[in-house]
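Visitor: predicted coordinates and the sequence they were generated for:
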Amino acid sequence: MTDAPVLDTEELAVEQMTVKSSIREYFARVRGGEIGALPAVLGLLSLVVFFTAMEPDRFASLLNFANLINQSAMIVFISMGLVFVLLLGQIDLSAGVTAGTSGAVLAVLLTNHGVAWPVAIGVCLLTGTAIGLTIGLIVARLGVPSFVVSLAFFLGLQGVMLWVIGEGGTIPVRNDTILSIMNANMAPPLGWVLVVLVVGGYAAVTLAGVRNRVRHRLPAQSATIAWFKIISLAVLVTVVTYLLNQERSVNPDLTSLKGLPYIVPISIVFLVGLTFLLSRTSFGRHVYAIGGNVEAARRAGINVAGVQIICFMICSTMAAMSGILFASRDNSISPSTGGSITLLLAVGAAVIGGVSLYGGKGRVRDAMLGGLVVATIANGLPLITSASSVQFIVTAMVLLLAAAVDALSRRRAAATGHF
């Protein structure tokens, strides 16, 4: 970093880091093991280029682009909840079946009992919260390892789901509001309103953060870097919105498909809310502190048990939200909803995105990025091969590579003093 010039005392500010020093510091962090989501970004770009080159007419179509967003949503929501548990150095193996069980409660209330959809959604989310509270209490108060507790819930909740659904096997969901979450699109003008809100909000928060750090004489990123991030986001969301506002229906005379899927603004709301919780509150700082060193956090006066319980509650509540998305996308809930490899893909999404399995490192946006990587693999591979074996092997290799990168980066960080 270059030496800062002497400032006039009347300015009451600290000169921002230059672009050159900011870039140099970033590469120093990368060399020191703090690679963040960089591998996931590079992996996503490589996958998109590869599948586009192999199947340009099918993979790169607007219809498949929108389908990719919907396809990743359920995994992303579970993964965003898992971030809180993984940051503690814990695991929740029941998140997938929690989604299925909560979705089953929603479907039964809507279809079998005619309950209004707001009430059904509320009960669905409360079901997930109650499951997370129970797991958290057992882990935090009794000291039972989260692996064992969540494994027991993974098995038990499958039985609960069968009991809730009953002998019919599948509960259809016909509520138009629920179905529109994953199957309807915003009007194109509303998409542009969303662009303005997203870019404007990000710009306001970013620039306010820079000014606040300067005012308090703290190191701040260069204004050029800040504006580069803002403009990059603006270009990205503008391009995505423009593409999705185009007609993508195979038969537009019969059915028109234009606009951003409703799941996009819903995902943004949860991303912003959970990011704020982790990055701008004392609770978030406590989560990272516990993940870094639980004993040091306890001696610092942090209520470790309380934070652990809340994190498990957030995880299961997000899984319940995913159950709503499953019901919307599939138009039904079956005993297999949330089962199979759903949990593995959700954990894989978080790890691939940059969340550490060892705790203390990761962000909510990493789960979203990793979810897109997992969905891209699941979406693109069937277009070039029908062999399920290849799809499983490739996904496993990507997850193993992400875990290896995480382990190596932690080792590098410890060796260079960045740990």
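Guide: Thanks, I have the structure now. Since the structure is predicted, the reported quantities are computational estimates derived from the model, not experimental observations. Numbering: from 1, shown residues only.
Visitor: could you check the pLDDT of residue 285?
Guide: Residue 285 is assigned 94 on the pLDDT scale.
Visitor: could you measure from it over to residue 307?
Guide: 10 Å (Cβ to Cβ, to the nearest Å). In this view, the C-beta of every residue, glycine as well, is placed from N, C-alpha and C.
Visitor: more crowded one of these two?
Guide: In this view residue 285 and residue 307 are compared by other Cβ atoms under 10 Å, and residue 307 has more residues nearby, 23 against 14.
Visitor: can you verify my assumption that that one contacts residue 287?
Guide: Yes. Contact criterion Cβ atoms under 8 Å: residue 307 and residue 287 qualify, at 6.1 Å.
Visitor: tell me, what's touching those two both at once?
Guide: residue 88 (Cβ atoms under 8 Å, 6 or more residues apart in numbering).
Visitor: any chance you could map the strands in the stretch 101-250 of the chain?
Guide: 171-172 (DSSP state E, counting those that start in this stretch).
Visitor: how about stretch 144-156 as PDB, C-alpha atoms only?
Guide: Extracted in PDB, the C-alpha atoms of stretch 144-156 (Å, rounded to 0.1, in the frame of the first residue of the first chain):
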ATOM      1  CA  VAL A 144     -25.000 -34.200  21.300                       C
ATOM      2  CA  PRO A 145     -23.000 -33.800  18.000                       C
ATOM      3  CA  SER A 146     -25.000 -32.100  15.300                       C
ATOM      4  CA  PHE A 147     -24.100 -34.900  12.900                       C
ATOM      5  CA  VAL A 148     -25.800 -37.500  15.100                       C
ATOM      6  CA  VAL A 149     -28.800 -35.300  15.900                       C
ATOM      7  CA  SER A 150     -29.500 -34.200  12.300                       C
ATOM      8  CA  LEU A 151     -29.000 -37.800  11.100                       C
ATOM      9  CA  ALA A 152     -31.700 -39.000  13.500                       C
ATOM     10  CA  PHE A 153     -34.000 -36.200  12.300                       C
ATOM     11  CA  PHE A 154     -33.200 -37.100   8.700                       C
ATOM     12  CA  LEU A 155     -34.600 -40.600   9.300                       C
ATOM     13  CA  GLY A 156     -37.400 -39.600  11.600                       C
END
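Visitor: in that stretch, what counts as buried?
Guide: 146, 149-150, 153-154 (16 or more other Cβ atoms under 10 Å).
Visitor: doesn't residue 258 lie inside a helix?
Guide: No. Looking at residue 258 with DSSP: H, G, I helix; E, B strand; the rest coil, it is coil, so not inside a helix.
Visitor: got the phi/psi numbers for it?
Guide: Residue 258 has phi and psi values of phi -140, psi 150 when expressed as degrees, to the nearest 10.
Visitor: got a list of what it touches?
Guide: For residue 258, the contacting residues are 185, 188, 244-248, by Cβ under 8 Å, 6+ apart.
Visitor: where does pLDDT dip in this structure?
Guide: Applying pLDDT under 70 to the chain flags residues 1-37, 167-168, 220, 387, 406, 410, 412-419.
Visitor: one more time with 50, if that's ok
Guide: Low-confidence segments of the chain (pLDDT under 50): 1-17.
Visitor: in stretch 172-192, what's buried?
Guide: 173, 175, 178-179, 181-182, 185-186, 191-192.
Visitor: meant to ask about stretch 288-302
Guide: Neighbour counts over stretch 288-302 (16+ other Cβ under 10 Å) mark 288-292, 294, 297, 302 as buried.
Visitor: now, which of these sits nearest residue 221?
Guide: If you rank these by distance to residue 221 using Cβ to Cβ, residue 288 comes first, at 20.4 Å.
Visitor: roughly how far does the closest residue to the closest one other than its chain neighbours sit from residue 86?
Guide: In space, and not counting its chain neighbours, residue 288 is closest to residue 360: 5.8 Å by Cβ to Cβ, 6 or more residues apart in numbering. Separation of residue 360 from residue 86 (Cβ to Cβ) stands at 10 Å.
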